[in-house]
Every structure is written in structure tokens, then in C-alpha cells.
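> need the 3D shape of this:
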Amino acid sequence: MCPGSYDPPTNGHVDIIERAAGLFDEVVVAVMINKSKRGLFVVDERLEMLAEITSHLPNVRVDSWHGLLVQYCQKHEIQAIVKGLRAISDFDYELQMAQMNNQLTGVETLFMPTSPVNSFLSSSLVKEVATYGGDVAHLLPPVVYTRLVKRLAESGAGKPS
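Below is the predicted model:
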């Protein structure tokens, strides 16, 4: 299980998913739904992008879930969650979550360090930079970059001031 909001999916996400796919027979990439947060892309759009950018990985499937991640894992008999870590601050938060998840259901969490080229990369940062007209093409899969540029143009954002 590789969970996330994926709003939008970045090259960092793809790196972790590809590496997890090399370790496991099946990997579920789950868009976690938080109804209190309004994303730039709706869940179906994120699922479409993820399906396209993981189509070269036959053992990866995409899905979405509203609720506790470990409930999804129990329902689908998933025994491990893979989380990418960029910095020590990620570890502080993710360790507590991993311990809670394990205590609740016995599901294990495996931490995978991001590759150095992606160590600063987050969906939030990409959206912020793109909103102000910064070039983020090298940080996203091409299909995601195209959709991001289009979405920002529709909203009137993403133009240099």
C-alpha cells in the first residue's frame, strides 16, 4: 500500500511507487479522501493520472478510500504500508502514525527514503510554485504537468505577475 493525497502526483511519488513495485507482488496506490480538504484535482482526476503514470507497472493498481487506512488494509488483506520519507520531520510524524496503525491492526509500515533528487519535493510546494508561474515541468510526470498547467490556466493562476 502506497497511500497519499496525490494532489497532484509528483516524480517523488512515482519513484516510491516504482521502488515498492519492485519489492512486492502487488502494490495498491490509494488516494486517501479527506472531505474537509479541497484539492486542486478531484479524486477521479487523481486516480486517472495515477493509472496513467503507473501503467508500465503491471503489479500496481490504483484505488481510493475514505476512512482509516488500516481499515482498507484489513479489508483487502494488505500487510504493509510503504511511506516515502524526505526529511527527519517526516519521520517524526510518520513514526507515530506507523505505531498507531500497528497497534490498531498489526499492519506494518516500511519507510523508504526518497532519492536525493526528490528530497524537497511535495505536491503542495509544486502547486504553490506553479501558481506563481514557476517552472515545475521537471518535477512532474508529463501528463500531470499538462493537467496542472491547464487547471491553473482555468482558474486564472499560474501566470507570472
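
> now do the helices in the protein.
Ranges of helices in the chain, per DSSP state H, are 11-21, 43-53, 69-75, 88-105, 123-131, 142-155.

> kindly export the fourth one (C-alpha atoms) in CSV.
These are the backbone C-alpha positions of helix 88-105, laid out as CSV (Å, rounded to 0.1, in the frame of the first residue of the first chain):
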residue,chain,number,x,y,z
ILE,A,88,13.6,13.9,9.7
SER,A,89,10.4,15.9,10.2
ASP,A,90,8.5,13.3,8.0
PHE,A,91,9.9,10.6,10.2
ASP,A,92,8.7,12.2,13.4
TYR,A,93,5.1,12.3,12.2
GLU,A,94,5.1,9.0,10.2
LEU,A,95,6.6,7.0,13.1
GLN,A,96,3.7,7.9,15.4
MET,A,97,1.3,7.0,12.7
ALA,A,98,3.0,3.7,12.0
GLN,A,99,3.0,2.8,15.6
MET,A,100,-0.8,3.6,15.9
ASN,A,101,-1.6,1.7,12.7
ASN,A,102,0.4,-1.3,14.0
GLN,A,103,-1.3,-1.1,17.4
LEU,A,104,-4.8,-1.0,15.8
THR,A,105,-4.4,-3.8,13.3
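
> in it, what's buried?
D90, E94, A98, N101 (16 or more other C-beta atoms under 10 Å). C-beta coordinates here come from the backbone N, C-alpha and C atoms, glycine included.

> okay, Y93: pLDDT?
pLDDT recorded at Y93 is 89.

> now swap in K37 and tell me
76.

> distance to K127 for the buried residues of helix 88-105 - can I get that in JSON lines?
Formatted as JSON lines, the buried residues of helix 88-105 follow (distance: C-beta to C-beta, whole Å):
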{"residue": "D90", "distance to K127": "18"}
{"residue": "E94", "distance to K127": "22"}
{"residue": "A98", "distance to K127": "27"}
{"residue": "N101", "distance to K127": "27"}
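
> burial measure for the residue lying closest to P3 once chain neighbours are set aside, as a count.
Spatial nearest neighbour of P3, excluding adjacent residues (C-beta to C-beta, 6 or more residues apart in numbering): A30 at 4.7 Å. A total of 24 residues lie near A30 under the criterion other C-beta atoms under 10 Å.

> likewise P9?
Using other C-beta under 10 Å, the number of residues around P9 comes to 27.

> now swap in L85 and tell me
17.

> is it in a bridge, and if so with what?
L85 has the following beta-bridge partners by DSSP bridges: P113.
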